[in-house]
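[1] Test case, fold it:
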Amino acid sequence: MAEPVLSVQHLMKRFGGLTATDDLSLEVMPGELHALIGPNGAGKTTAIGQIMGEIRPDAGRILFLGEEITRLSTPARVRRGLSRSFQITQLLEDDTAEANVALAVQARAGHGFRFWRDASRDARLLEPAGAALDQVGLPPARWNLPVADLSHGERKQLELAVALATGPRLLLLDEPMAGLGASESLRMTEVLRALKGRIPILLVEHDMDAVFSLADRISVLVYGHCIASGTPAQIRADPQVRAAYLSEEEAV
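    Take a look at the predicted model:
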């Protein structure tokens, strides 16, 4: 039996009187695309932040590739192969798409982010940067444009390319379809489908068509607590999930 790439065990996080994650446990297996869904305010982004080390849990453990990382810093987790995207893109607006990805390649090589201006002129960085941009389907004609000139959908593609350029052993994707039009969402779905099986992915997403077409397993979070976890067919048929979440989504 394969060991999980990621094991989240009884994670708890409170902000004053609000419980953001409540005894949360889940696993991501090798090659698996595991979706984490739930209504707004369910604690999904807080869970991703705790896995990434940006938020310190009050209780529980996080194991990555068999090693406990609960108290490691975010940079230490990145060095071990964790990478994430955000609901709101976090990119260098004044630099080109290619330079943004080259910076991530440079960081993976162990040089950190201190010399990012040189990244846009280093062929050793630009070649893998181009490969990452190809993976996400951003046309080469857009690579040398400043990020500020890219559309919202192109920025989402670029942010995924930046995450891929770090050489991840697990991708944490926080609403990669947020704000995308129908055609852009379909394009992003196909990009994720091409990545599926090659890199384990924990996907937070509100686009239920994308979730149910992509996920191997789905966990449903409500008020910080996982109420169900299973295959897409099992989740779709679960009466508790339908009552708490899916019926609301289907009504929209």
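[2] From here on, just use CA atoms for contacts and neighbour counts.
    Fine.
[3] Please look at residue 184 and residue 153 and confirm they touch.
    Yes - contact status for residue 184 versus residue 153: in contact at 6.2 Å, counting by CA atoms under 8 Å.
[4] Between these two, point out the one with more neighbours.
    Set residue 184 next to residue 153 and count neighbours by other CA atoms under 10 Å: residue 153 wins out with 21 against 17.
[5] That one touches residue 182, doesn't it?
    No - applying CA under 8 Å, one finds residue 153 not in contact with residue 182, separated by 10.6 Å.
[6] Which stretches in the stretch 1-150 of the chain count as helices?
    44-52, 74-80, 97-106, 116-119, 123-135 (DSSP state H, counting those that start in this stretch).
[7] What count of nearby residues applies to residue 139?
    By other CA under 10 Å, 10 other residues sit near residue 139.
[8] which phi and psi does it have?
    Note on residue 139: backbone dihedrals following degrees, to the nearest 10 are phi -60, psi 140.
[9] List the contacts of it.
    Neighbour list for residue 139: residue 133 [criterion: CA atoms under 8 Å, 6 or more residues apart in numbering].
[10] same thing but at 6 Å, please
    By CA atoms under 6 Å, 6 or more residues apart in numbering, the contact list for residue 139 is empty.
[11] so what pLDDT did it get?
    On pLDDT, residue 139 comes in at 94.
[12] Please apply the same query to residue 246.
    68.
[13] And the helices of the stretch 1-150 of the chain: which comes nearest residue 176?
    Between residue 176 and those, the tightest spacing by CA to CA is seen for helix 44-52, at 12.3 Å.
[14] Look at the most centrally placed residue in the chain and give its secondary structure.
    Centre of the chain computed as the mean C-alpha position; nearest residue by CA atoms, centre = their mean is residue 173, 1.4 Å away. The three-state assignment at residue 173 reads strand, by DSSP: H, G, I helix; E, B strand; the rest coil.
[15] And for the one 10 residues further on?
    Three-state secondary structure (criterion: three-state DSSP) places residue 183 in helix.
[16] Wait, residue 221 touches residue 39, no?
    No - in this structure, residue 221 is not within contact of residue 39 by CA atoms under 6 Å, at 7.7 Å.
[17] Looking at the two, which one has more neighbours?
    In this view residue 221 and residue 39 are compared by other CA under 10 Å, and residue 221 has more residues nearby, 27 against 17.
[18] Who does that one form a beta bridge with?
    Residue 221 has these beta-bridge partners by DSSP bridges: residue 226.
[19] Quick check, pLDDT for it.
    95.
[20] do you know how far it is from residue 241?
    As for residue 221, its distance to residue 241 is 9 Å (criterion: CA to CA, to the nearest Å).
[21] Same check on residue 191?
    28 Å.
[22] So which of the two has more stuff around it?
    residue 241 (21 against 16).
[23] Please, which helix or strand holds the more buried one?
    Using DSSP states H and E, residue 241 falls within helix 239-241.
[24] Now do the same for that helix: mean pLDDT, whole number.
    90.
[25] Now do it: which elements does it pack against?
    Applying 3 or more CA pairs under 6 Å, 6 or more residues apart in numbering; DSSP states H and E, one finds that helix 239-241 contacts no other helix or strand.
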